[in-house]
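Colleague: The following block contains a protein sequence and its predicted model.
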Amino acid sequence: MKFSTKGRYALRLMVELAGHDPNENVPLKEIGASQQISVKYLEQIITGLSRAGLVKAGRGSQGGYRLTRKPCEYTAGEILRAMEGSLAPIPCLDGEENLCPNSGSCFTLPFWSGLGKVIDQYVDSITLEDLYQQTMNTPGAAL
């Protein structure tokens, strides 16, 4: 399973916001410079995060973005799903109900289902606060 750059950069953007005062709007230009990501690409990412209600925008001279909740209230899974959609390892496990006509006779479905549960469990166990703390405790890591 591979995650797109949008998903990976969304996590980095959110970790960056977690490191700022919760009442402070952070301009995309500042995030772009810190994370070495183009502002144009960040604009695409922030749109998805904003639509999902994960960030809010501030307008005017003090414009920028900030988190809508405390960093400990976000999970990596929530952020990745906002950018990537379902994290299911195969298409037939994307929805609540498996609509695949072969699901009743598929010998590998339990394997894929188990893998999907492990992925969900892991990404939903890591908070934005955890990611921020890891960054702060990693020598040479860029915030």
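Modeller: That came through, no problem. Note that the coordinates shown come from a computational prediction; the quantities given were computed from them, not determined experimentally. Residues are numbered from 1 along each chain as shown.
Colleague: so how far is the helix or strand harbouring Val15 from its chain's centroid?
Modeller: Taking DSSP states H and E as the definition, Val15 sits inside helix 5-18. Averaging C-alpha positions (Cα atoms, centre = their mean, to the nearest Å) puts helix 5-18 6 Å from its chain's average.
Colleague: Longest helix in this protein, please.
Modeller: Counting residues, the longest helix in the chain under DSSP state H turns out to be helix 109-125.
Colleague: helices or strands up against it?
Modeller: Using 3 or more Cβ pairs under 8 Å, 6 or more residues apart in numbering; DSSP states H and E, the elements in contact with helix 109-125 are helix 76-84. All C-beta spots, glycine's among them, are computed from the backbone N, C-alpha and C.
Colleague: what angle do the helix it packs on and helix 109-125 make?
Modeller: Counting by axes from the mean of the first three to the mean of the last three Cα atoms, to 10 degrees, helix 76-84 lies at 110 degrees to helix 109-125.
Colleague: Nothing else from me, thank you.
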